[in-house]
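J.: give the three-dimensional model of this entry:
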Amino acid sequence: MQNPGTGTVAARALPAKPNLEHLKNEAKQRLDRLRAATPAAKLAEAQHQIAREYGFAHWRELKADVERRAGGPVSGPAHVAIGDWIATFPTGGSRFALHIRSNEDGGLTAAMDTPDYGFFGLAADDVLVEAERLSFTLLAPMVIGYTQGFYEARYDAERDSWIGEWLAHGMTTALDFVRGAFPPAPRFEGLDGFWDGRLETKEGLIRLIFRLKSNVHGTYAWLDSPDRNQLGRPAVSVNREGRQVTITMHTVSVTGELSEDGQWIEGRFIKGETSLPLTLIHRPPGAAAPLPQRAPAIDLPPEALAAFAGRYQGEGGGPVMTVSVGDGRLKARFLGGSPRGEDGVPRAQIPSGPELDLLPASPTKFFHKDLDASIEFDLDGQGRATGFVMRQLGSETRAKRID
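T.: Predicted structure coming up:
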């Protein structure tokens, strides 16, 4: 049996006049059975199971369909768009799921899922269906960062599809949606949270931070590597068989054995023909990420520190940072105010930051003992600082001296 609104296979059929309160009670009864086996089970899990049995991808879609039936059929061209749609991006094969619903004002709302990136329910803006043409804008997550895109399509009644194009970064890509829903990813218990590791390479130690999260959509993972400017890279898949855990990225994978207490994974980091040992430690809830390994601080005389004192500003404008010498140490502080960019336009009001002590790692490089931040100064021929590059959490900010 196939649900006409979602294209998913339904194990049960809704009655002609479904009752939402009855479905809510059914979900509560299902939750009682789930908690008998898994005490931490949530109501959303029970609702998700009920929705899938009736052929819907999510509980909100089942709820919307029941409410739509109670209010009567939607008229006009909008009725064609309402439902669940799926597409595969031709470049890279990323999957998209589009959920279009009617709202109380008689208009439409749309939300997008990108299951390969672990993002669900991304709200679209400016949703419009007119004369069987669909358009909307969306801020969508990609492998690196986000992209603002615009989608426009026409409805093909014979194929029951939206034939359209996705416009982002000045490039247009064909993207067609058909009715349907993607199955959820597998879900595994005992893996949620942050996992910290250090990878020993020829270039030195590289910090790896895997972030795992489970919900009704499955178990997903993202990788941060602060030392390689990589933040939020999504995993292709997560798998667990007994105590064997595998996280597969687009170009690398990590596989290893989970300890009996579930607090570390002893395994290998694999990239092509290269296989390196890697131990991942389950970070305690609320604990800070580990800082990079640093050499001990060195001593610099006050006259050497004085060469760095001054006012600095980012190359593209932004807040001003003062560098001064006090108590034999170099101190840095971001000033508040409304800085102007190179175009002369004032930026947003920025509060002043705390004064930070910087410890010297070399004659030109300094670090903060409690933060993942370092500053390396550029010197002119007379040994006076002309600017610096600040590295923090994998990002770089360049600034020039302005006094």
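J.: can you pull the contacts of V254?
T.: Counting by Cβ atoms under 8 Å, 6 or more residues apart in numbering, V254 touches 210, 246-247, 265, 267-270, 278, 280. Every residue, glycine included, has its C-beta placed from N, CA and C.
J.: quick one: average pLDDT of the strand or helix carrying it?
T.: V254 belongs to strand 253-258 when assigned by DSSP states H and E. For strand 253-258, mean pLDDT rounds to 96.
J.: grab the nearest non-local neighbour of H58.
T.: Excluding the flanking residues, the one nearest H58 by Cβ to Cβ, 6 or more residues apart in numbering is A51, at 5.7 Å.
J.: ok, that neighbour - how many residues close by?
T.: By other Cβ atoms under 10 Å, 25 other residues sit near A51.
J.: one more: the one 4 residues further on?
T.: Around G55 there are 24 other residues, counting by other Cβ under 10 Å.
J.: what distance do you get for it to G180?
T.: Separation of G55 from G180 (Cβ to Cβ, to the nearest Å): 11 Å.
J.: same check on T137?
T.: From T137 across to G180, the span is 23 Å (Cβ to Cβ).
J.: nearest residue to L335 other than its sequence neighbours?
T.: L335 sits nearest to V320 (Cβ to Cβ, 6+ apart), 4.8 Å away.
J.: circling back to that earlier point, could I have the CA atoms of the host helix or strand of the residue nearest to H58 written out in CSV?
T.: Using DSSP H and E, A51 maps to helix 43-53. Only the C-alpha atoms of helix 43-53 are listed here, as CSV (Å, rounded to 0.1, in the frame of the first residue of the first chain):
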residue,chain,number,x,y,z
LEU,A,43,7.8,10.8,22.6
ALA,A,44,9.2,12.0,19.2
GLU,A,45,10.5,8.5,18.6
ALA,A,46,7.1,6.9,19.1
GLN,A,47,5.4,9.5,16.9
HIS,A,48,8.0,8.9,14.2
GLN,A,49,7.3,5.1,14.3
ILE,A,50,3.5,5.7,14.0
ALA,A,51,4.0,8.1,11.1
ARG,A,52,6.2,5.7,9.2
GLU,A,53,3.7,2.9,9.6
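J.: which residues does that helix contact?
T.: Here helix 43-53 makes contact (Cβ under 8 Å, 6+ apart) with 8, 10-12, 23, 26-28, 30-31, 34, 57-59, 61-62, 184, 215-216.
J.: and the gap between A40 and R30?
T.: Taken as Cβ to Cβ, the span from A40 to R30 is 15 Å.
J.: between those two, which is the more surrounded one?
T.: Neighbours per residue, other Cβ under 10 Å: of A40 and R30, the larger number sits with R30, 19 against 8.
J.: and the helix or strand containing that one, what's its mean pLDDT?
T.: Following DSSP H and E, one finds R30 within helix 20-37. Model confidence over helix 20-37, given as mean pLDDT, is 87.
J.: run through the bridge partners of A168.
T.: Beta-bridge pairing of A168 under DSSP bridges involves M171.
J.: what about it, how many neighbours?
T.: Using other Cβ under 10 Å, A168 is surrounded by 15 other residues.
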